[in-house]
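**Student:** Return a 3D structure for these sequence lines:
(one chain, ligands or ions: 1)
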Amino acid sequence: MNRRNFIQKAALAGSVTSILPSLSNEFQTKPLDKVRLGFIGVGHRGRSHIEQALFSSDVEINAICDIDPSAINITLDQIKKTGKKAPAVYAKGAEDFLNMVKRDDLDGILIATPWEWHVPMTLAAMRAGKYAAVEVSATVTLQESWDLVDTFEKTGSHCMILENVCYRRDVMAVLKMVREGVLGEMTYAHCGYQHDLRGIKLNDGKSNNVGVEFGEKGYSESKWRTQHSVDRNGDIYPTHGLGPVAHWLDINRGNYFTYLTSTATKSRGLHKYIVDHGGKDHPNAKVNFKLGDIVTTVIQCHNGENIVLIHDTNSPRSYSLAFRAQGTEGIWMNDGNSIYIEGVSPKEHTSEPDAPYLAKYDHPLWKKHAKSAENAGHGGIDYFVFRGFVESIKRKTAPPIDVYDAAVWSAISPLSEMSIARGSSPVEIPDFTRGKWKTNKRIFGLNEDY
Ligand SMILES: NC(=O)c1ccc[n+]([C@@H]2O[C@H](COP(=O)([O-])OP(=O)(O)OC[C@H]3O[C@@H](n4cnc5c(N)ncnc54)[C@H](O)[C@@H]3O)[C@@H](O)[C@H]2O)c1
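**Tutor:** As a prediction, this is how the structure comes out:
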């Protein structure tokens, strides 16, 4: 069963699922000592979340689900090695997650599957009254972003997008600086996903970064991720950059994205990589990749700020999320690790190293939990994003990154595709809060707990 067939069947079943009782967690009062989780998708990313769960004395892994028996077996071994009890396994095909979400020994479901499966799985979890955590990007289409919001509003079940980059130590220190006005009034932010993924997108699993396969012959992510580069031309992975920036600019809470324009370069990198590594007669050398090598999106915000967002995954390059925060009194730039604050920096028109500022404005969350985070993935941020989900379940509150964040950050992908298809025309960005941005209060980075 592919994802499209599943959606058609799910739509037919919609009248049944929509009358399921709302199990809003807001109505429960007793805090939980333990959180019982189920995991859908235990590939690379799912297993790194499993690792966080295994380190956590307040988390039980009660069920896992995957269509790939080897992913299931590796995960069962991973759990067994810690001496924890074996979870129930759901591995009977692409829809078996529907059986898993019905279990009554699960408080939350964590989803780390290919993008096209995120929303059907998240909706199933929410409709079953569970907290849902979904990997990035949360949605692929605009309708899916609305489906997440509508399902939250109908069921009261929360959904957190697992945007770990929001927890990077530097961007959280910059968040504190922005909130304390160190950079003055914010005017501009720059960010992106600049990561040479050619080896991942064209990985046959036999060799490291010189494979030229994807789809059925591919390995892990190249089985599904690469097809998006064949079919789509837009910023197909916007949230690592946008998440932190959206917090700096209070998006959905006093501010919102109004419209965007996107522009793509020609597409060369993936084809060249195939020819360089597999020869000009390799079957994949005939594939026409739609995705431009570099996609640049400019987002206008209601309060007057501009965001420049870059997607750059098909070229040889160094890794950088290209963060830059700029206001009326100064600028921080991640590339070059520099900062300039007018009247504070020693030399006019000259940046200084950002390290003393990042230390001075170190976020309380990091100050308190740096030790616990030190062995977690991606420099510690995987600890925080997992904790954010678990702590919000325990406290029965909204997660620190919510469904409206998931909806609008992810919607930048289809909207950027639309803009490019229309010759870089401006495209309006829907207000998924339906006006609540005017009164919504900040929820992220407010305390030292989660
Ligand atoms: N936040 C981060 O830093 C980060 C890093 C890597 C990946 N990700 C995200 O995590 C997600 C998964 O990526 P990955 O690298 O683990 O990919 P992966 O291919 O290694 O794992 C995906 C898993 O989902 C399983 N799956 C596919 N369809 C399924 C279905 N219908 N039911 C159950 N299981 C199914 C696959 O068999 C596979 O094991 C993606 O959304 C990706 O963007 C996020």
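**Student:** in stretch 305-324, what counts as buried?
**Tutor:** Taking 16 or more other Cβ atoms under 10 Å as the basis for neighbour counts, the residues of stretch 305-324 that come out buried are 305, 307-315, 321-324. The C-beta positions use only the backbone N, C-alpha and C, and glycine is treated the same way.
**Student:** Quick check: strands, which of those residues are part of them?
**Tutor:** Of the buried residues of stretch 305-324, the ones assigned to strands by DSSP state E are 307-312, 324.
**Student:** Could you single out the nearest of those to Leu197?
**Tutor:** Using Cβ to Cβ, Asp312 comes nearest to Leu197 of these, at 9.6 Å.
**Student:** Leaving out the residues flanking it, which one is nearest to that closest one?
**Tutor:** Once flanking residues are discounted, Asp312 sits nearest to Gln194: 4.3 Å by Cβ to Cβ, 6 or more residues apart in numbering.
**Student:** Trp115 reaches Ser137, doesn't it?
**Tutor:** Yes: taking Cβ atoms under 8 Å as the definition, Trp115 is a contact partner of Ser137 at 6.1 Å.
**Student:** Could you save the buried residues of stretch 305-324 as CSV and add columns showing pLDDT and distance to Ala94?
**Tutor:** Below are those laid out as CSV (pLDDT from 0 to 100; distance: Cβ to Cβ, whole Å):
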residue, pLDDT, distance to Ala94
Glu305, 99, 42
Ile307, 99, 36
Val308, 99, 38
Leu309, 99, 32
Ile310, 98, 34
His311, 98, 28
Asp312, 98, 32
Thr313, 98, 27
Asn314, 98, 29
Ser315, 98, 34
Leu321, 98, 33
Ala322, 97, 36
Phe323, 98, 37
Arg324, 98, 41
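**Student:** Make TSV from those and add distance to the ligand to it.
**Tutor:** Shown next, in TSV, are the buried residues of stretch 305-324 (distance: Cβ to the nearest ligand atom, whole Å):
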residue	distance to the ligand
Glu305	25
Ile307	20
Val308	22
Leu309	17
Ile310	17
His311	13
Asp312	16
Thr313	12
Asn314	16
Ser315	20
Leu321	11
Ala322	16
Phe323	16
Arg324	21
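**Student:** Can you tell me the SS state at Leu110?
**Tutor:** Put simply, Leu110 is strand when judged by DSSP: H, G, I helix; E, B strand; the rest coil.
**Student:** residues in contact with Glu185?
**Tutor:** 327-329 (Cβ atoms under 8 Å, 6 or more residues apart in numbering).
**Student:** One more pass at 6 Å, please.
**Tutor:** Taking Cβ atoms under 6 Å, 6 or more residues apart in numbering, we find Glu185 in contact with 327-328.
**Student:** pLDDT score for it?
**Tutor:** pLDDT recorded at Glu185 is 98.
**Student:** cool, and Ala10?
**Tutor:** Looking at Ala10, its pLDDT is 60.
**Student:** Which residues of this protein lie near the ligand?
**Tutor:** 40-46, 65-68, 71, 94, 97, 112-115, 117, 135-136, 162, 164, 220-221, 378 (Cβ under 6 Å from any ligand atom).
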